[in-house]
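Chemist: can you look at this prediction? I've put the sequence above it.
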Amino acid sequence: MKNQVRAYFGEAKWFHERQIPAIEEYMHIVLPSSGYSLPTTLSFIGMGEVVTKEAFDWVISDPKIITTSSLIARFMDDMTSHKFEQKRGHVTSGIECYMKQYGIFEEQAYNEFYNQVMKAWMDINQECLKPTIVPRPLPNHVLNLSRVMDVIYKEGDDYTHVGKVMKNNIGSLLIDSIT
């Protein structure tokens, strides 16, 4: 959580100084500020005896599957929300950072982010296929949380602007679930 608060401070600094950082600096700050790893870690608590101290040590070691899952959530969020966030005076998004750093148009930045998300999915699949020091349900749980992010951001920013599709998804999961 300390890393997340430090990252928020970094974003606030960019905002107040109207700074558009290099994409590498952006990623260094926004992956922790996305908060994705904290709920991932906390969600392990309800998984029972499969979660041990070693499992939490694994999470704290910042394994590739969690970093990659964070990247998917961050880039998909940036692709779907950056125009709205810029209109309301939000901190710069990765799209702006990428455009400025490489001198490209918005559509090209979108394509690059999309390609990075596709590469990240391949990395997650590889991580799920190779042996791990933690029980298999833990990496699978991270995979499933990544799938949730995909559903939330696939057709737009359904995290910020919950619409009929997301309401139906939640309803089918929690209200009309198959028992």
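Modeler: Here it is on my side, so go on. Numbering: from 1, shown residues only.

Chemist: all helices for the protein, in order.
Modeler: Using DSSP state H, the helices of the chain run over 2-17, 23-33, 37-43, 53-60, 64-87, 94-102, 106-129, 137-153, 164-174.

Chemist: would you turn these into a markdown table with mean pLDDT?
Modeler: Converted to a markdown table, the helices of the chain look like this (pLDDT from 0 to 100):
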| stretch | mean pLDDT |
| --- | --- |
| helix 2-17 | 81 |
| helix 23-33 | 86 |
| helix 37-43 | 81 |
| helix 53-60 | 88 |
| helix 64-87 | 82 |
| helix 94-102 | 93 |
| helix 106-129 | 93 |
| helix 137-153 | 82 |
| helix 164-174 | 67 |
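
Chemist: adding mean neighbour count, write these out as a markdown table.
Modeler: Any C-beta I mention is one placed from the backbone N, CA and C, and that applies to glycine too. A markdown table is the format used below for the helices of the chain (neighbours: other C-beta atoms under 10 Å):
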| stretch | mean neighbour count |
| --- | --- |
| helix 2-17 | 13 |
| helix 23-33 | 19 |
| helix 37-43 | 15 |
| helix 53-60 | 14 |
| helix 64-87 | 20 |
| helix 94-102 | 19 |
| helix 106-129 | 15 |
| helix 137-153 | 18 |
| helix 164-174 | 11 |
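
Chemist: I'd like the distance between the residue most central in space within the chain and residue 63.
Modeler: Nearest residue to the geometric centre of the chain (C-alpha atoms, centre = their mean): residue 73, 2.3 Å. Residue 73 sits at a distance of 16 Å from residue 63 (criterion: C-beta to C-beta, to the nearest Å).

Chemist: ok, now residue 80?
Modeler: Applying C-beta to C-beta, the value for residue 80 to residue 63 is 26 Å.

Chemist: quick one: pLDDT of the residue nearest to residue 74 when sequence neighbours are not counted?
Modeler: Setting aside the residues directly before and after it, residue 74 is nearest to residue 34 in space (C-beta to C-beta, 6 or more residues apart in numbering), at 5.0 Å. Per-residue confidence (pLDDT) for residue 34: 72.
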